[in-house]
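J.: Provide a 3D model corresponding to the input given below.
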Amino acid sequence: MIVRFKKLHPEAVVPTKAHPQDAGFDLTCTTVENDDNCISYGTGIAVEIPDGYVGLVFPRSSVYRKDLILSNSVGVIDSNYRGEISMKFKTDGIPGGFSVAAYEVGDRIGQLLIIPYPEIEFEEAEELSESDRGEGGYGSTGA
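T.: Purely as a prediction, here's the structure:
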């Protein structure tokens, strides 16, 4: 599948995989902005996600070394969005926010997964089928 992208910044880097078997494409930082006790990282790219697919933006697994949490947990890029992919992080361990950026321009800051999703139609019902779990919520399947 071909996914079109556009460079919005001269230092933008094409999303790439470190290994052919990787699910995610690495995203590289082109801009850093500190605001509202968050750090926003721009990637300098916009993508054209095909209809029937969604782009999911996750932090890289090495983020644990940075004391950062992606503020929206997982970024969702719908197929009709054409703006820049960016990531906004909150601090995990530094009270009162940050004074310096944890990532710098040129660092890989996240990963993009593009996956298909099914067409869903909701149907209201008076009753739902029985299951082993039933209505058990948080922690109901064990510690």
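J.: would you list every one of the strands in the protein?
T.: Using DSSP state E, the strands found in the chain span residues 4-7, 25-28, 31-35, 38-42, 45-48, 53-59, 68-70, 75-77, 86-91, 108-116.
J.: Tabulate the CA atom coordinates of the longest one in CSV.
T.: Okay, so that is strand 108-116. These are the backbone C-alpha positions of strand 108-116, laid out as CSV (Å, rounded to 0.1, in the frame of the first residue of the first chain):
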residue,chain,number,x,y,z
ARG,A,108,13.0,9.9,16.9
ILE,A,109,10.1,10.7,19.1
GLY,A,110,7.3,8.3,18.2
GLN,A,111,6.0,5.7,15.9
LEU,A,112,3.1,5.6,13.5
LEU,A,113,1.0,2.5,12.8
ILE,A,114,-1.5,2.5,10.0
ILE,A,115,-4.1,-0.2,10.4
PRO,A,116,-7.5,-1.0,8.7
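J.: buried ones in that strand?
T.: Residues of strand 108-116 classed as buried: 108-112, 114 (neighbour count, 16 or more other C-beta atoms under 10 Å). In short, each C-beta sits where N, CA and C put it, glycine included.
J.: Could you list the buried residues of stretch 20-36?
T.: Across stretch 20-36, burial judged by 16+ other C-beta under 10 Å covers 24-30, 32.
J.: Spatially nearest residue to the residue most central in space within the chain, not counting backbone neighbours?
T.: By C-alpha atoms, centre = their mean, the chain has its centre lying nearest to V57, at 1.8 Å. Here the nearest residue to V57 in space, its sequence neighbours aside, is G75; by C-beta to C-beta, 6 or more residues apart in numbering that works out to 3.2 Å.
J.: In contact with the one you found, which residues?
T.: Shown in contact with G75 (C-beta atoms under 8 Å, 6 or more residues apart in numbering): 55-58, 85, 87, 110.
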